[in-house]
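Trainee: Have a look at this fold, sequence not included:
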């Protein structure tokens, strides 16, 4: 893939530092691994489930490095950004994104309810509230 075709190399070249060139190479390698991993997941190969070593796990760290190294040009890296800011890991289970969003909403509601309960337990009560 030429520099013009590879967004990671294009952005790294535009920034022009050694650090940017190094990160561009790492991002290109990650991209290839991510694409291969997702193809295997879509094919239903159960041995390719996400774990701590899968490319999904690296996306957030690499996105942070891209922001620090490339600055605003990092926004051109849509594939990386979508995997870093989207669900942390993908699964071949039957859970839909809506199910996952509902689970997050339930956890958030529980945390808010617990926080309100904790505050109420420690706040002084007036005689009228007793």
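Mentor: Good, I have the coordinates. In this text the structure is predicted, and so the values were computed from the model without any measurement.
Trainee: would you list every one of the helices in this protein?
Mentor: Applying DSSP state H to the chain gives helices spanning 7-15, 18-42, 55-70, 78-85, 97-122.
Trainee: mean pLDDT lowest for which of those?
Mentor: For these, the weakest mean pLDDT is recorded on helix 97-122, namely a mean of 43.
Trainee: Show me the domain layout of this structure.
Mentor: 7-93, 94-130 (automatic domain parsing).
Trainee: I figured residue 37 hits residue 55, correct?
Mentor: Yes. Between residue 37 and residue 55 there is a contact under Cβ atoms under 8 Å: 5.1 Å. Placement of C-beta: from N, CA and C, glycine included.
Trainee: the more surrounded of the two?
Mentor: Neighbour totals were compared for residue 37 and residue 55, and residue 55 leads with 19 against 16 (other Cβ atoms under 10 Å).
Trainee: Contacts only, for the spatially closest residue to the more buried one that is not a sequence neighbour.
Mentor: Distances taken as Cβ to Cβ, 6 or more residues apart in numbering place residue 34 nearest to residue 55, at 4.1 Å, with adjacent residues excluded. Residues in contact with residue 34 (Cβ atoms under 8 Å, 6 or more residues apart in numbering) are 55-56, 59, 79, 83.
Trainee: Residue 65: neighbour count?
Mentor: Neighbour number of residue 65 under other Cβ under 10 Å is 18.
Trainee: Just confirm it contacts residue 23, I think it does.
Mentor: Yes. Using Cβ under 8 Å, residue 65 is in contact with residue 23, at 5.9 Å.
Trainee: Okay, buried residues for stretch 7-26 please.
Mentor: Neighbour counts over stretch 7-26 (16 or more other Cβ atoms under 10 Å) mark 7-12, 15, 20, 23-24 as buried.
Trainee: how about JSON lines for those, with distance to residue 74 added?
Mentor: Output for the buried residues of stretch 7-26, formatted as JSON lines (distance: Cβ to Cβ, whole Å):
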{"residue": "7", "distance to residue 74": "10"}
{"residue": "8", "distance to residue 74": "10"}
{"residue": "9", "distance to residue 74": "14"}
{"residue": "10", "distance to residue 74": "12"}
{"residue": "11", "distance to residue 74": "7"}
{"residue": "12", "distance to residue 74": "11"}
{"residue": "15", "distance to residue 74": "10"}
{"residue": "20", "distance to residue 74": "11"}
{"residue": "23", "distance to residue 74": "10"}
{"residue": "24", "distance to residue 74": "11"}
